[in-house]
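>>> build me a model from this:
(one chain, ligands or ions: 1)
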Amino acid sequence: MSHPLRLSKLIDWQSVLSEIDSVVEPCRGQGRVADYIPALAAIDPMKFGLAVALGDGNVHTLGDADEAFSIQSISKVFTLSMGLRKVGELLWKSVGREPSGSPFNSIVQLELERGIPRNPLINAGAIVVTDHLVEQQGADAMIAELIDRMRTLADDPSINVDQAVAHSESEAGSRNRALAYFMKSFGNLRNPVEETLKAYFSHCAIAMNCRQLARAALFLAYDGTDPVSGIQMVSSEACRRINAVMMSCGHYDNSGDFAYRIGLPGKSGVGGGILAVAPGHGTIAVWSPGLNAAGTSEVGSLALETLIQQTGWSVFV
Ligand code: GLN
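All right, here's what the predicted structure looks like:
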């Protein structure tokens, strides 16, 4: 069934973007740039970009929307999509779908819950999803397929893994290794830890700009099918589920506040990007490197909050 197009008022994008610009300008640079991955520490905190992709393929942009950044945990939305497409319902035997209320790299719940991560958007959960995909095709082929999809959806062959970032994260990856070994001890990891983490670090290190990211995720706003190319990424049922998990778990222990302020399924990454999905309307990608305590872009959230006020795109209307 195709998505009933929501009756949306005609939006004057120029005035929406200029309002966002004036709200964001005095706040640029706020938050803390992630430095636990050394390659991310040097990013200029003053950067700010935003792109809105619409169902007709038009993309409206603001600021540094064409500058690539590290998508980090936003990649977990795309690996979850791939997981639901290729592994299906079986995935939910290895990973839950409840908010964790804990930081993205927390280990405490894993012991109590016998190696089954709370959801696929925290690190442990995303590692499990990646592990299933690596089991099917190996790390290199899995990453190649993912990149190929991103390029096709964004209609941009320049998208790639930033190898320097992947290497830097692997060098500093003790916490993720601990999570992976811990899950392995409970029998919830199918491949050698290093093989799975190679794929995990690679997809976190994909470099994309706001324009490409908003465009690549548009299928999530249109029942799982990219409205421009007609490519079905996931079934409409899987699409609803991915959006539900993003709404409840997309920002770790900041998910409630994000839903309260913005009211859209979203996913943050420690590179400072946020992807938000407005079902039936479009997708928004925003980038500003300074993070709040939960690892969500501070100025990015403010920009999205302003966009919602201007457009009425919250799913709660
Ligand atoms: N690659 C990062 C990590 O594993 C992703 C974290 C994030 O973006 N929240 O720590």
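>>> hey, let's count contacts and neighbours off CA atoms from now on
Will do.
>>> does Gly96 really touch Arg114, like I thought?
No - the pair Gly96 / Arg114 is not scored as a contact, 11.7 Å apart, by Cα atoms under 8 Å.
>>> who has more neighbours out of those two?
Between Gly96 and Arg114, counted using other Cα atoms under 10 Å, Gly96 has the larger neighbour count: 17 against 14.
>>> in the stretch 51-200 of the chain, what residue lies closest to the ligand?
Nearest to the ligand, among the residues of the stretch 51-200 of the chain, is Ser73, at 3.7 Å (Cα to the nearest ligand atom).
>>> apart from its chain neighbours, what residue comes closest to that residue?
Take Ser73 and drop its neighbours on the chain: the residue closest to it by Cα to Cα, 6 or more residues apart in numbering is Gly269, 4.4 Å away.
>>> next, that neighbour: phi, psi?
Main-chain dihedrals, Gly269, degrees, to the nearest 10: phi -140, psi 150.
>>> which residues of the stretch 1-150 of the chain score low on pLDDT?
Of all residues in the stretch 1-150 of the chain, those with pLDDT under 70 make up the ranges 1-9.
>>> which residues in it form helices?
Shown for the stretch 1-150 of the chain, the helices assigned by DSSP state H, counting those that start in this stretch span residues 13-24, 75-86, 108-112, 123-137, 139-154.
>>> mind giving me a markdown table with the ones you listed and columns for mean neighbour count?
Shown next, in a markdown table, are the helices of the stretch 1-150 of the chain (neighbours: other Cα atoms under 10 Å):
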| stretch | mean neighbour count |
| --- | --- |
| helix 13-24 | 15 |
| helix 75-86 | 22 |
| helix 108-112 | 13 |
| helix 123-137 | 24 |
| helix 139-154 | 18 |
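>>> which among those is found nearest to Gln309?
With Cα to Cα as the criterion, Gln309 lies closest to helix 13-24 of those, at 9.4 Å.
>>> tell me how far the closest one lies from the chain's centre.
With Cα atoms, centre = their mean, to the nearest Å as the basis, helix 13-24 stands 24 Å off its chain's centre.
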